[in-house]
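[1] prediction below, plus the sequence it came from.
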Number of protein chains: 2
Amino acid sequence: MRILLTNDDGIDAEGLRALRRACLNAGHRIWVVAPDRERSGSGHAITLNSPLYVDEVDFADGGPIGYAVSGTPADCAKLGIRAICDEPPELVLSGINRGPNLGTDVFYSGTVSAAIEAVILGVPAIALSLAGYDDLDYSYAADYALRLAALVEERGVPEHALLNVNFPAVDGRRILGTAVTRLGERRYQNVFERRLDADARAYYCLLEESLEHRDEPATDVWAIGRNMVSLTPVHIDLTNHGLIQTLVPWARELSR
Amino acid sequence: MRILLTNDDGIDAEGLRALRRACLNAGHRIWVVAPDRERSGSGHAITLNSPLYVDEVDFADGGPIGYAVSGTPADCAKLGIRAICDEPPELVLSGINRGPNLGTDVFYSGTVSAAIEAVILGVPAIALSLAGYDDLDYSYAADYALRLAALVEERGVPEHALLNVNFPAVDGRRILGTAVTRLGERRYQNVFERRLDADARAYYCLLEESLEHRDEPATDVWAIGRNMVSLTPVHIDLTNHGLIQTLVPWARELSR
């Protein structure tokens, strides 16, 4: 397959390197187009009205060079698909992210946003995240990504859908299978502390956040807590179709 | 009502000022917490691991001061709700944006992302955008926002839903009413040009984009083209529920 790889941890991230290695070993044609630094929490930001610098990166293993971009993950997907790939990619893999991208957090996630951007541009995409931060082993996730890519190649995913995959950060032998899930809820307490800098200018720091964890069955949050891989279909239609009829009388009043 | 105002055009933007004025005239209790500069296209980016500077802004009209934040629109919503508002806001109004936020563009929109952040934090929210760039008159939109806020106060909007409102940029007397819509499609051609800077370093510029406009009935894009206000219910659940059953056999294969 022709696969575009990107991420939000930056082009030097271990998770991206593991995925790249796995793709090359499997014989795929790949392009790596990724941010030149960590871009976690960048959401679906895109760079408007300023140039995107692109530096070539030699991975020093005989494989194809990569492209380090001075932009966001969504920029990388857009630029990769529209300008850097010399043939249309058949799949975008985004990740493997260091840390989970579960529930409402997908809104903040550069990893998922790159995949959303690909789908907006008509290319199937998979976002991949490993739900841990320390002593991570990306090999299970990288191998899984290739098996999933093969299923996408064989069966396709419907237009406008992407797959969001999270892996528990445990040894592959302890993983109990895959659960098809919906996005769960993760609410943060978001405690901000007000401080003054040396010039007595006020600033706020987001302190360590406590997570309100709703462990509802069949959510991605739930699956990860049970050592299962969560496979969540995500769409790019944010319309709340169920509310349209409710709002029709509102529109009538507002039109007066 | 207790209303938090924010936007992505920055605290000096005319659309925010018009909305603020209208809220004060109507007797609402307000807080203005907005980016200290234009933040269009910032998507749902949030600021992690760095301080958010907050400067007080005197609007010099006897009304309450505002807060200019060195962050994104989503930061402003979060910081406003969690730290700056001394009572819980009952509604967040984001805008009035200069330029439309229609269809898939809502993913890039700081205006909509601030509203999404509010909804994630449990506060009803309305995103407001005026679909033009020059010689804008925000008075119709500001008045409309207050009428819509009154309906929200009276009837509520379901948890986890926000309202995305776009106004055609024409004189209020030419507006033909309100259509309840779904998000349409706006696909850009995204032509990038590769250039070299003075040091022969490569960069890409996103050239003027041509828009593939799908003018499907009952979409927001369609309504604006017919001089109607579009009122679109947006939800924050990105799960593609319709695909879950389709993926169950995939999960079985992947679990082997």
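    Yep, it's here.
[2] does A:G63 touch A:C23 like I think?
    No: counting by Cβ atoms under 8 Å, A:G63 does not reach A:C23; the two are 9.4 Å apart. Where you see a C-beta, it was placed from the backbone N, CA and C, and this is true even at glycine.
[3] these two: which is more packed in?
    A:C23 (23 against 15; other Cβ atoms under 10 Å in any protein chain shown).
[4] does the helix or strand hosting that one reach chain B?
    Assigned by DSSP states H and E, A:C23 falls within helix A:14-25. No: Helix A:14-25 stays out of contact with chain B when judged by Cβ under 8 Å from any Cβ of the partner chain, the minimum separation being 15.2 Å.
[5] any buried residues in stretch A:44-63, and which?
    Of the residues in stretch A:44-63, A:44-47, A:51-52, A:54 count as buried by neighbour count, 16 or more other Cβ atoms under 10 Å in any protein chain shown.
[6] and those, which of them are in strands?
    A:52, A:54 (DSSP state E).
[7] between the buried residues of stretch A:44-63, which is nearest A:R201?
    Nearest to A:R201 among the buried residues of stretch A:44-63: A:A45, at 25.5 Å, using Cβ to Cβ.
[8] separation between that closest one and chain B?
    4 Å (Cβ to the nearest Cβ, to the nearest Å).
[9] mind showing which ranges of the stretch 151-256 of chain A have poor pLDDT?
    Of all residues in the stretch 151-256 of chain A, those with pLDDT under 70 make up the ranges A:187-188, A:208-214.
[10] the strands in it, which residues?
    A:161-168, A:178-180, A:185-188, A:192-196, A:202-206, A:211-214, A:229-235 (DSSP state E, counting those that start in this stretch).
[11] in CSV: these, plus distance to A:R155 and mean neighbour count.
    Below are those laid out as CSV (distance: least, Cβ to Cβ, whole Å; neighbours: other Cβ atoms under 10 Å in any protein chain shown):
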stretch, distance to A:R155, mean neighbour count
strand A:161-168, 12, 26
strand A:178-180, 14, 23
strand A:185-188, 30, 18
strand A:192-196, 46, 12
strand A:202-206, 42, 18
strand A:211-214, 32, 12
strand A:229-235, 13, 26
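[12] and those strands: which comes nearest A:H28?
    strand A:161-168 (17.2 Å).
[13] tell me the angle the closest one makes with strand A:229-235.
    Comparing the axes of strand A:161-168 and strand A:229-235 via axes from the mean of the first three to the mean of the last three Cα atoms, to 10 degrees yields an angle of 160 degrees.
[14] and for A:L176, the neighbour number?
    13.
[15] that one and A:S139, how far apart?
    Using Cβ to Cβ, to the nearest Å, A:L176 is found at 18 Å from A:S139.
[16] circling back: the strands of the stretch 151-256 of chain A: which one's closest to A:C76?
    With respect to A:C76, and counting by Cβ to Cβ, the nearest of the strands of the stretch 151-256 of chain A is strand A:161-168 at 15.5 Å.
[17] quick one: buried residues of stretch A:11-29?
    Buried-residue list, stretch A:11-29, by 16+ other Cβ under 10 Å: A:11, A:13, A:15-24, A:26, A:28.
[18] does A:T111 really touch A:N101, like I thought?
    Yes: at 5.5 Å, A:T111 and A:N101 qualify as touching, with contact defined as Cβ under 8 Å.
[19] let me see the ranges of the helices in chain A.
    A:14-25, A:73-79, A:110-120, A:139-155, A:220-225, A:244-255 (DSSP state H).
[20] torsion angles phi and psi at the nearest residue to A:P35 once chain neighbours are set aside?
    Distances taken as Cβ to Cβ, 6 or more residues apart in numbering or on different chains put A:G10 closest to A:P35, at 5.1 Å, once the chain neighbours are dropped. With angles defined as degrees, to the nearest 10, A:G10 sits at phi 100, psi 160.
[21] show me what contacts A:G10?
    Taking Cβ atoms under 8 Å, 6 or more residues apart in numbering or on different chains as the criterion, A:G10 is in contact with A:16, A:34-39.
[22] redo that, cut-off 10 Å
    A:16, A:34-40, A:68-69, A:73, A:110 (Cβ atoms under 10 Å, 6 or more residues apart in numbering or on different chains).
[23] taking the residues you listed, please make a PyMOL selection of just the buried ones.
    A single PyMOL command selects the buried members of the contacts of A:G10 (16+ other Cβ under 10 Å):
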select buried, chain A and resi 16+34+35+36+38+39+40+68+69+73+110
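[24] switch the buried residues of stretch A:44-63 over to JSON lines; also include pLDDT and distance to A:I84.
    Output for those, formatted as JSON lines (pLDDT from 0 to 100; distance: Cβ to Cβ, whole Å):
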{"residue": "A:H44", "pLDDT": "71", "distance to A:I84": "20"}
{"residue": "A:A45", "pLDDT": "74", "distance to A:I84": "19"}
{"residue": "A:I46", "pLDDT": "77", "distance to A:I84": "16"}
{"residue": "A:T47", "pLDDT": "76", "distance to A:I84": "15"}
{"residue": "A:P51", "pLDDT": "88", "distance to A:I84": "15"}
{"residue": "A:L52", "pLDDT": "93", "distance to A:I84": "10"}
{"residue": "A:V54", "pLDDT": "95", "distance to A:I84": "7"}
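[25] B:L254: which of the buried residues of stretch A:44-63 is nearest?
    A:H44 (27.7 Å).
[26] do I have it right that that closest one meets A:S113?
    Yes: applying Cβ atoms under 10 Å, one finds A:H44 in contact with A:S113, separated by 4.1 Å.
[27] identify the contacts common to the two.
    Common neighbours of A:H44 and A:S113 (Cβ under 10 Å, 6+ apart) are A:72-74, A:107, B:43-45, B:107-108.
[28] A:V119: which of those is nearest?
    Closest to A:V119, out of all of those and judged by Cβ to Cβ, is B:F107, at 10.3 Å.
[29] could you pull up the residues touching the nearest residue to the closest one once chain neighbours are set aside?
    Nearest non-adjacent residue to B:F107, counting by Cβ to Cβ, 6+ apart: A:H44, 4.5 Å away. Going by Cβ under 10 Å, 6+ apart, A:H44 touches A:72-74, A:107-110, A:112-114, A:116-117, A:120, B:41-45, B:106-110, B:113.
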